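# Please find the sequence and the predicted model below.
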Amino acid sequence: MSGLTTETKSWLFGPYGRIEFGRGAAAGIGDAAAQFGRRCLVCTDAAMRDAGLVEPVVSSLEAAGCEVAVFDRGLPEVPVAVISECAEFGREFGPDVLVGVGGGSSIDLTKVAAVLLSHGGEPRDYYGEFQVPGPVLPVIAMPTTAGTGSEVTPVAVVGDDDIYLKVGIASRHLVPGWAVLDPELTVTCPPSVTAHAGLDALSHAVEAFTAASFESLSGAPSSRRIFTGKNPVSDALAKEAIRLVGLNLRRCFETPTDVDAREGMLQASLFAGLAFAAAGTALVHAMQYPLGALTKRPHGLVNAILMPAVANFNLEARRDSYAEVASLLTGKPTEPEELPELLRGLNRDLGIPAGLAAIDVADDDLERVAELTMGVERLLRINPRKVKDPAEVVAVLQEAM
């Protein structure tokens, strides 16, 4: 299960704001929101509303004396048009605080809407790093999936069909002021969502643990980079996340009502989010940006298909680290060369297609995807093995097909 007791409720993580974790933690959302103001904009999607997860949030907020408006038109892989629509809805309401309820897309919607409400403009005005000019309206994040870690990260990912790419907005101003993680909110996740989210968490942890080191990165000083490479703290968080995935993800998939396993996976997602918020993600995510835009498939699904091929590509640069990853997943000493097949086996057990071709990627797409991948320099620089040219990316994609 987990390394923390179910009685553990909260920690204070410095610049990340307050993190509350525990069964029943969601009941306190009204008190949390009241710390920031009395007008609360809840950002979510229709699936959360239909699952009955939004009404208790609204009731808690109202019981704390808050006036509440709900925007429930969020979509997976949140499009920029939906974010602009949410911001316009928010301008009419005038919130003091935004509450994001749902998976990573809903939380990213909330984070970027807070930017637009605070600084105006459109989402594309803030693409890249350090484009958000200052603090934004407070955000409280309530994840209902165990995967993205968006509740503790300085990144939001949006979909922009105009540029054939999913795009990252990266700023420390995006870190939510309060994260409320309640394992009981994740029990209603369908098995496919559980699998995609859990493998996303694993990709975060593996890429953070095997990232380029802080000392090896050159260029701008660390104060001018969002991702600064692996360090002892990110390593500890990432390793615990990998161990928890190995213990709990299959259990969540096979027995969705296993709250102990759900708790372990929510911890894994949190720790992986904290790890990559510092260390960064790398080649898997750089390739996922164009592939996610091309296929419109869930972020974690695409990451899962890519991970074995990327592990093969990076193996020569991180043998010891990959041996540790494999051993953490299996709970016993394991050779690094076994990791790609371990990842494929985990994918098979969780119903993940065997290759990119199964999600409608064609051979003719690979060169364009590789070219777009090379443009995601802020992630490629974190990769432990230098990616020299698009041909190397094409080779990895061909293996992943």
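Cool, got the structure. Because the structure is predicted, anything quoted here is derived from the model rather than measured.

# Strands of the stretch 151-300 of the chain, start to end?
155-160, 165-170, 178-181 (DSSP state E, counting those that start in this stretch).

# can I see the domain layout of the chain?
10-185, 189-400 (automatic domain parsing).

# looking at the ones you listed, which has the lowest confidence?
Ranked by mean pLDDT, the domains of the chain end with domain 10-185 at the bottom, a mean of 91.

# between the strands of the stretch 151-300 of the chain, which one is nearest to residue 232?
Closest to residue 232 of those is strand 155-160 (Cβ to Cβ; 21.9 Å). All C-beta atoms are positioned from the backbone trio N, CA, C, and that covers glycine.

# Touching the closest one from outside, list them.
Here strand 155-160 makes contact (Cβ atoms under 8 Å, 6 or more residues apart in numbering) with 77-80, 83, 104, 107-108, 111-112, 123-124, 150, 166-170, 174, 226, 277, 289, 292-293, 299.

# Make TSV out of the strands of the stretch 151-300 of the chain and add mean neighbour count and distance to residue 88.
Output for these, formatted as TSV (neighbours: other Cβ atoms under 10 Å; distance: least, Cβ to Cβ, whole Å):
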stretch	mean neighbour count	distance to residue 88
strand 155-160	23	16
strand 165-170	22	18
strand 178-181	26	25
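
# can these go into TSV with extra columns for distance to residue 73?
Formatted as TSV, the strands of the stretch 151-300 of the chain follow (distance: least, Cβ to Cβ, whole Å):
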stretch	distance to residue 73
strand 155-160	15
strand 165-170	19
strand 178-181	22
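
# and of those strands, who's closest to residue 30?
It's strand 178-181; of the strands of the stretch 151-300 of the chain, that one is closest to residue 30 (Cβ to Cβ) at 10.8 Å.

# quick one: contacts of that closest one?
Taking Cβ under 8 Å, 6+ apart as the rule, strand 178-181 contacts 16-22, 25-26, 28-29, 32, 35, 138-143, 151-152, 266, 270.

# That one pairs with which strands, and in what direction?
strand 18-21 (parallel), strand 139-143 (parallel) (DSSP bridges).

# filter the contacts of strand 178-181 to the buried ones?
Using 16 or more other Cβ atoms under 10 Å as the burial test, the contacts of strand 178-181 include 16-22, 25-26, 28-29, 32, 138-143, 151-152, 266, 270 as buried.

# Give the burial count for the nearest residue to residue 288 once chain neighbours are set aside, as a bare number.
Leaving aside its sequence neighbours, residue 288 sits nearest to residue 302 (Cβ to Cβ, 6 or more residues apart in numbering; 4.9 Å). Residue 302: 30 surrounding residues under other Cβ atoms under 10 Å.

# Dihedrals phi and psi, the closest residue to residue 175 other than its chain neighbours?
Computed as Cβ to Cβ, 6+ apart, the closest residue to residue 175 that is not its neighbour in sequence is residue 154, at 5.1 Å. Main-chain torsions, residue 154, degrees, to the nearest 10: phi -90, psi 30.

# Spit out the contact partners of the residue nearest to the spatial centre of the chain.
For the chain, the residue nearest the mean C-alpha position is residue 148 (2.2 Å; Cα atoms, centre = their mean). By Cβ under 8 Å, 6+ apart, the contact set of residue 148 is 103, 104, 107, 108, 197, 200, 201, 269, 273, 299.

# Isn't the first one up against residue 144?
It refers to residue 103. Yes - when contacts are counted by Cβ atoms under 8 Å, residue 103 is listed as touching residue 144 (6.2 Å).

# Can you verify my assumption that the residue nearest to residue 175 contacts residue 277?
Yes - applying Cβ under 8 Å, one finds residue 154 in contact with residue 277, separated by 6.0 Å.

# Mutual contacts of those two, please.
With Cβ under 8 Å, 6+ apart as the test, residue 154 and residue 277 both reach residue 175.

# In helices only, show me the contacts of strand 155-160.
Within the contacts of strand 155-160, residues falling in helices by DSSP state H are 80, 83, 104, 107, 108, 111, 112, 277, 289, 292, 293, 299.

# Let's see if you can find the most crowded of the residues you listed.
Counting by other Cβ under 10 Å, top hit in these: residue 107 with 32 neighbours.

# In contact with that residue, which residues?
With the criterion set at Cβ under 8 Å, 6+ apart, residue 107 makes contact with 100, 141, 143, 148, 150, 151, 156, 176.

# Nearest to residue 308 among those?
residue 148 (20.9 Å).

# where's the closest one relative to residue 47, distance?
15 Å (Cβ to Cβ, to the nearest Å).

# Over to residue 272?
Residue 272 is 23 Å from residue 47, by Cβ to Cβ.

# out of the two, which sits in the more crowded spot?
Between residue 272 and residue 47, counted using other Cβ under 10 Å, the more crowded position is residue 272 (35 against 20).

# returning to that earlier point: max pairwise distance over the contacts of residue 148: which two?
Going by Cβ to Cβ, the pair spanning the contacts of residue 148 furthest: 108 and 201, at 15.5 Å.

# give the contact list for residue 72.
Residue 72 touches 42, 44, 45, 46, 48, 49, 54, counting by Cβ under 8 Å, 6+ apart.

# If we use 7 Å, what do you get?
44, 45, 46, 49, 54 (Cβ atoms under 7 Å, 6 or more residues apart in numbering).

# Quick one: residues contacting the closest residue to residue 179 other than its chain neighbours.
Once flanking residues are discounted, residue 179 sits nearest to residue 151: 3.9 Å by Cβ to Cβ, 6+ apart. The contact partners of residue 151, by Cβ under 7 Å, 6+ apart, come to 107, 141, 143, 176, 179, 181, 273.

# quick one: residue 17 and residue 174 touch, right?
No - Residue 17 lies out of contact with residue 174 (Cβ atoms under 7 Å); the separation is 11.6 Å.

# Now do the nearest residue to residue 64 once chain neighbours are set aside against residue 40, distance only.
Excluding the flanking residues, the one nearest residue 64 by Cβ to Cβ, 6+ apart is residue 30, at 3.1 Å. Noted for residue 30: a distance of 9 Å to residue 40, by Cβ to Cβ.
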